[in-house]
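K.L.:
Give me a 3D structure for the following:
(2 chains)
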2 protein chains.
Amino acid sequence: MSLSTEQKFWSLLKEQSSFQEAIGLMAWDMRTKAPSKGMDNRSEVLGVLSQKVHEIQTSDVLKEYIEELKNKPSSNRLTASLQVAEETYDRTTKIPASMYREYVTLQSRAESRWAEAKENNDFKSFQPYLEELVKYNREFANLWGYEQHIYDALLYNYEPGVTVEQLDAVFPKVRESLTSLLNEIKNAPVQPDPEVLKGHFPKQQQEKFSEEILKRMSYDFEAGRLDETIHPFAIGLNVNDVRVTTKYDEKDFRTAVFGTIHEGGHALYEQNIDPNLSFTPLATGTSMGIHESQSLFWENFIARSRPFWETHYEVFRSYAPRRFEQIPLEDFFRAVNEVKPSLIRIEADELTYPLHIMVRYELEKALIQGDIEVKHLPELWNEKMHSYLGVTPRKDSEGVLQDIHWAGGDFGYFPSYALGYMYAAQIQHAMKQEIDIDETIKAGDFHQIKQWLTKNIHQYGKMKKPLSILNDVTGEGLNADYLISYLTDKYRGIYQF
Amino acid sequence: MSLSTEQKFWSLLKEQSSFQEAIGLMAWDMRTKAPSKGMDNRSEVLGVLSQKVHEIQTSDVLKEYIEELKNKPSSNRLTASLQVAEETYDRTTKIPASMYREYVTLQSRAESRWAEAKENNDFKSFQPYLEELVKYNREFANLWGYEQHIYDALLYNYEPGVTVEQLDAVFPKVRESLTSLLNEIKNAPVQPDPEVLKGHFPKQQQEKFSEEILKRMSYDFEAGRLDETIHPFAIGLNVNDVRVTTKYDEKDFRTAVFGTIHEGGHALYEQNIDPNLSFTPLATGTSMGIHESQSLFWENFIARSRPFWETHYEVFRSYAPRRFEQIPLEDFFRAVNEVKPSLIRIEADELTYPLHIMVRYELEKALIQGDIEVKHLPELWNEKMHSYLGVTPRKDSEGVLQDIHWAGGDFGYFPSYALGYMYAAQIQHAMKQEIDIDETIKAGDFHQIKQWLTKNIHQYGKMKKPLSILNDVTGEGLNADYLISYLTDKYRGIYQF
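P.N.:
Sure thing, here's the model as predicted:
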């Protein structure tokens, strides 16, 4: 019995996604369970499997199947799979194999150099690596091609369809609004007292509360699990095995609580993709930004909202140390929403967070466009931090060296964080037309919200591109007004100005 | 730069062992951590990766490399890798692909039918599947070829080099000696009281003691980990990542303590293979039997010995419930060495265990030789149990249906358990010529023992065949006398006859 081209195409994609599930499990294992001494061997195994995926994605036989199938009438699933596979084929084969190998070596060296440079607060030692990475990324961008801006070619890796033109139409507005909001907050009559949150909170109790909240979010523990790690993440191995990790800080429960909910938002996306897309390249979130919209929706729009704590403060207290009995809801709510400009992105509050992204976006865009040089980065970084956030790093390890992204050559990635946040605000606005979100949150039943998200976003996986999801859900394109008014309203209330 | 044939050969083997590490991790994960709903998808992924391994093992290109390299002068590592790869190639390609596919389907059906049949105590419903499995295995044996006995061809899968002739020269002697020993024990003046061991023993404390003992055995926790599972196992993902699993029965600590030490023995083997063998087919234990010799050496010859408890009873008590303070060492030692014929192999004590194996060996050999029919198995099973152990199953679920092995088509596997035990006794005897084992155990320092095992056995991986390991270590072939005299001496002491 001979197989049809379509069957052979699916079979090749299944092989690819099987390797990817294995890679995913190995990555999860390395970050949660694997013994330290096994890491070297494991890295080599990961290298071999990644190479196999790369071979499939760039294989002549795959290209033949695509060419044969793409002009025939077919299902949406096949059409979308062909598109994704072809796009990956085209972009990947545009980079010469030898160039890509050099780049992978550079990445790996640059990452360890970056770690040392951060440790020793020594930007100079990292500078030549970063210069090389920028050079390669400019070359990649030219090979991939672009219409208007060279940086668009890199953005495409994370947020296909979004361009510099679109970003520059909204980001400055966000930046200015948030900067002025921040000034008002600084001078506001009421200031929250975050000290009420501090103090010992046993890990085991934090873990139990984290589990409870994930369950309430409709995260399915029979199709996932929660583990501890150093840098939290969520990972979808398959639609029925989507794992969340978190980090417990016994001196500050916020790390685990908001971190778990954030990763839970990512996980809900992956758990609720249409199972019919399994073993195709469509069985994952459509973009970094849409993914981030899901995590930020749950973390900020739900878990930092007043209605959430009106119901869940009692639940929280049932796990928390007894001193929380003495802290009124209002003080608690304000404290978890304290706005305080700081140097480190991943510790930023929800209002200043987008400003950290603006700093990075503006700098990396200018780097790729050749408008600035790597050696001037520390100085430019510090200037922007001072100008947007009013704080200035005393050393590069808490400035330009803080994030791993550039060391990994990930240019074009940062904007997704801010985009995700804007998407989330737009999505919330759209959801409000159909659901009384505040009432639902207060009732402590998130089913309706989760179902809405699944119906409108999750189920599609990569069947729709990010901007087409956004358009279908909100009826419009990228619009920063929703985020600005959400933050303005919320923080006027909290800080009473 | 073009690669030499040898480089291409190593690279193909590295690919194979990378897939195997991924398969190993997935198997470990499914049995310890993976969420239930993800199992179906995971099974498919496992199927894809196993297929890739099979493709490499039977590939023309591998065969070409082997043919080109095998007659050139080369390193031991290359010679042994070529031998293993060629043998796998030859045996695997002798089975027609379509026949193998049918067999895999049969296996999977038979296993689920077996589970139902065991549940419902219904041998008849399983009988046709078992008949088919026997038929296939006879065909495989004929395809693989053999010199004297058809069953030899199956034995080769688990214990290459060992034949029916050799087994029949020792097994009956073991059986008769143990049966008569058992009779003396039944009539002995002193009988241990296992009741002293029973009662609640919190899981967490058992876990801590298990970890402590593994550490004392020189199991390297930086190159492994201990987890909980239903059916305990040890698995080597690579030489620096060898994981142990165990099971905690809060009503009977023996399950976890002796189970952990048993799996720890397997793990020490895999952790101490020469790292130069990594990414070759040599980087694992040489056979089922030699592997079992390592687990049984630690479980029985060490952890059930008097010197062990003379030192470790205090350690044990520091984790155990307080009631053990009232139980004298002598009573405890006798109780953990109670001999009691029972129906279930995996619950058997160290003296009756080989008799369970004899029942299985004799029956499966006769089945494969065509001397008996599947439909007579239950009756024959019960007769042998009665004759060797003096106990008779009341139902097939605690008789012929108890083990999964035959349902998986694993004929030729059972003898390895008894062989491993004999090997262990022979190895102990050889070790005694160089090390005062009792003193070492009493001193609680197992380093010397572990180093001896590594030097003589572990390091070689699959570089040597089982009987060549045995010969090199003990200066002789298979000899049951050491096991018989070990058991006779030990149990005469305990039961005072």
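K.L.:
C-alpha from now on. contacts and neighbour counts both.
P.N.:
Noted.
K.L.:
and the residue of the stretch 251-400 of chain A nearest chain B?
P.N.:
Closest contact between the stretch 251-400 of chain A and chain B, by CA to the nearest CA, is at A:S278 (8.4 Å).
K.L.:
An error on my part: the question was meant for the stretch 51-200 of chain A.
P.N.:
Ranked by CA to the nearest CA, the top residue of the stretch 51-200 of chain A for proximity to chain B is A:K52, at 9.2 Å.
K.L.:
where does that residue fall, phi/psi-wise?
P.N.:
Main-chain torsions, A:K52, degrees, to the nearest 10: phi -60, psi -40.
K.L.:
count of residues packed around it?
P.N.:
Close neighbours of A:K52, defined as other CA atoms under 10 Å in any protein chain shown, add up to 17.
K.L.:
Repeat that for A:H447.
P.N.:
Considering only other CA under 10 Å, A:H447 is surrounded by 14 other residues.
K.L.:
Quick check: closest non-adjacent residue to it.
P.N.:
Nearest residue to A:H447, sequence neighbours excluded (CA to CA, 6 or more residues apart in numbering or on different chains): A:S218, at 6.6 Å.
K.L.:
The one you found: what secondary structure?
P.N.:
coil (DSSP: H, G, I helix; E, B strand; the rest coil).
K.L.:
quick one: it and A:Q451 touch, right?
P.N.:
No - with contact defined as CA atoms under 8 Å, A:S218 does not reach A:Q451; the gap is 9.5 Å.
K.L.:
for chain B, what are the nearby residues on chain A?
P.N.:
Contacts of chain A with chain B, taken as CA under 8 Å from any CA of the partner chain, map to A:15, A:18-19, A:21-23, A:25-26, A:34-38, A:41, A:45-46, A:48-49, A:221-225, A:238-241.
K.L.:
tell me the domain ranges of chain A?
P.N.:
Following automatic domain parsing, one gets these domains for chain A: A:5-94, A:122-497.
K.L.:
wait, which of those domains is closest to B:F446?
P.N.:
domain A:5-94 (21.9 Å; CA to CA).
K.L.:
Please identify the longest helix in chain A, counting by residues.
P.N.:
In chain A, assigned by DSSP state H, the helix with the most residues is helix A:5-32.
K.L.:
Pull out the buried residues from it.
P.N.:
The neighbour-count check on helix A:5-32 (16 or more other CA atoms under 10 Å in any protein chain shown) flags A:9-28, A:30-32 as buried.
K.L.:
The closest residue to A:F9 other than its chain neighbours: how many residues sit nearby?
P.N.:
Nearest residue to A:F9, sequence neighbours excluded (CA to CA, 6+ apart): A:Y65, at 6.1 Å. For A:Y65, the count of nearby residues is 19 (other CA under 10 Å).
K.L.:
where's the one residue sitting closest to the centre of chain A, which helix or strand?
P.N.:
Centre of chain A computed as the mean C-alpha position; nearest residue by CA atoms, centre = their mean is A:E292, 4.3 Å away. Per DSSP states H and E, A:E292 falls inside helix A:288-296.
K.L.:
picking up where we left off before, hang on, the residue of the stretch 251-400 of chain A closest to chain B packs against A:N238?
P.N.:
Yes - if you go by CA under 8 Å, A:S278 and A:N238 touch, sitting 7.3 Å apart.
K.L.:
give me the residue from the stretch 201-350 of chain A nearest chain B.
P.N.:
A:N240 (4.4 Å).
K.L.:
show me the contacts for that residue.
P.N.:
Applying CA atoms under 8 Å, 6 or more residues apart in numbering or on different chains, we find A:N240 in contact with A:222-224, A:271, B:35, B:37-38, B:41.
K.L.:
let's see 10 Å
P.N.:
Counting by CA atoms under 10 Å, 6 or more residues apart in numbering or on different chains, A:N240 touches A:220-224, A:270-273, A:275, A:278, B:34-42.
K.L.:
gap between A:G408 and B:P275?
P.N.:
Look at A:G408 and B:P275: by CA to CA, to the nearest Å, they are 30 Å apart.
K.L.:
Looking only at neighbour counts, state which of those two leads.
P.N.:
Between A:G408 and B:P275, A:G408 has the larger neighbour count (other CA under 10 Å), namely 19 against 14.
K.L.:
how much space is there between the closest residue to the more buried one other than its chain neighbours and A:F126?
P.N.:
Nearest residue to A:G408, sequence neighbours excluded (CA to CA, 6+ apart): A:Q107, at 5.3 Å. The spacing between A:Q107 and A:F126, counted by CA to CA, is 12 Å.
K.L.:
ditto for A:D349
P.N.:
Look at A:D349 and A:F126: by CA to CA, they are 29 Å apart.
K.L.:
which one of the two has more residues nearby?
P.N.:
A:F126 (22 against 17).
K.L.:
what residues are up against the more buried one?
P.N.:
A:110-118, A:375, A:401, A:407 are the contacts of A:F126 under CA under 10 Å, 6+ apart.
K.L.:
May I see these arranged in CSV, with secondary structure and neighbour count as well?
P.N.:
Listed next are the contacts of A:F126 as CSV, based on DSSP: H, G, I helix; E, B strand; the rest coil; neighbours: other CA atoms under 10 Å in any protein chain shown:
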residue, secondary structure, neighbour count
A:A110, helix, 25
A:E111, helix, 20
A:S112, helix, 15
A:R113, helix, 20
A:W114, helix, 28
A:A115, helix, 18
A:E116, helix, 15
A:A117, helix, 20
A:K118, helix, 23
A:K375, helix, 15
A:L401, coil, 24
A:A407, helix, 24
